[in-house]
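*Asks:* build me a model:
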Amino acid sequence: MPEQRHRADALRNSDRIVRAAIAALRETGATVSLEEIARRAGVGIATVYRRFGDRDGVILACFETYFAEEVEPLALAAREAADPGRGLTEALAAITDTLAAHRALLTAAREAGAFTVAVAERFAEPLGDVLARAQRRGLVRADLQVRDLAAIVVMALATVYRADHDSADHRRYLALLMDGIRPSAEPLPRLSSPRRFGGEEDRAREEEPPAAERAVHPPKVAVERHPERSGHGRPPAG
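*Replies:* Here you go, the predicted structure:
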């Protein structure tokens, strides 16, 4: 029983930290410090390090939570579309708009290496059914895969920048990329081996437990991984 209570407390603390971090990133920007996140969450800075190891761990957990709560439902909703081709197009547009709307989180996730095709693919899996229906109707390329859709999202969001207040650029480039999924007699070049699109870091990340589970049992040496720097490195001594 004490162990169960400890685990429940750890998960609650982790959730509070993640929620506080997402809000702080939106309000303060991508450079928000761990100290500010801890203050907003009502926990000590040492608790943040125990739960997540370092700042990158917090950002990864934030990004996975944002994906799960804001992006995955958009992919699931696409299953209800009467026209699977349109459902696919509208889902990808909604996903890119939703991610672009939280630019500070998107920027921080890029810097932390948390925004990859592998991560996007995991939450875009519900689009597989929609894609299959669209392929059966001849609305999109027969050799298209969910991983291709995830890559389109990542590529479109690579054009997001602070001065583009109305998101005109990423929508323009998404439209260009979407032209590439139309039926074609010319086959696409082959993909790399399964689950290798994002490189070694993605494969290592996929072998890890989910962020919330890692937060309960973080690696003991995680706080020693980075040299000290304001808001990003080891917690102050004492």
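*Asks:* quick one: the helices in the protein, in order.
*Replies:* 2-28, 34-41, 45-52, 55-66, 72-77, 84-101, 103-112, 117-124, 127-136, 146-157, 168-179, 200-206, 211-216 (DSSP state H).
*Asks:* the nearest residue to residue 178 once chain neighbours are set aside: neighbouring residues, count only.
*Replies:* Distances taken as C-beta to C-beta, 6 or more residues apart in numbering place residue 89 nearest to residue 178, at 6.1 Å, with adjacent residues excluded. (Glycine included, C-beta is placed from N, CA and C.) Residues near residue 89, counting by other C-beta atoms under 10 Å, number 20.
*Asks:* one step back: can you add mean pLDDT and give the helices of the chain back as TSV?
*Replies:* Below are these laid out as TSV (pLDDT from 0 to 100):
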stretch	mean pLDDT
helix 2-28	86
helix 34-41	96
helix 45-52	94
helix 55-66	94
helix 72-77	94
helix 84-101	94
helix 103-112	92
helix 117-124	90
helix 127-136	96
helix 146-157	94
helix 168-179	89
helix 200-206	47
helix 211-216	47
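*Asks:* same list (these) but as JSON lines, adding distance to residue 189.
*Replies:* Formatted as JSON lines, the helices of the chain follow (distance: least, C-beta to C-beta, whole Å):
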{"stretch": "helix 2-28", "distance to residue 189": "37"}
{"stretch": "helix 34-41", "distance to residue 189": "42"}
{"stretch": "helix 45-52", "distance to residue 189": "38"}
{"stretch": "helix 55-66", "distance to residue 189": "29"}
{"stretch": "helix 72-77", "distance to residue 189": "25"}
{"stretch": "helix 84-101", "distance to residue 189": "21"}
{"stretch": "helix 103-112", "distance to residue 189": "26"}
{"stretch": "helix 117-124", "distance to residue 189": "16"}
{"stretch": "helix 127-136", "distance to residue 189": "18"}
{"stretch": "helix 146-157", "distance to residue 189": "11"}
{"stretch": "helix 168-179", "distance to residue 189": "16"}
{"stretch": "helix 200-206", "distance to residue 189": "20"}
{"stretch": "helix 211-216", "distance to residue 189": "33"}
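*Asks:* how far away is residue 31 from residue 102?
*Replies:* 15 Å (C-beta to C-beta, to the nearest Å).
*Asks:* between these two, which one's more packed in?
*Replies:* A direct count of neighbours by other C-beta under 10 Å for residue 31 and residue 102 places residue 102 higher, at 18 against 14.
*Asks:* how about that one: what's its closest non-neighbour residue?
*Replies:* residue 26 (6.1 Å).
*Asks:* what count of nearby residues applies to that neighbour?
*Replies:* Other residues near residue 26 come to 14 when the count uses other C-beta under 10 Å.
*Asks:* how about the contacts made by it?
*Replies:* Contacts for residue 26 (C-beta atoms under 8 Å, 6 or more residues apart in numbering) come out as 102, 104-105.
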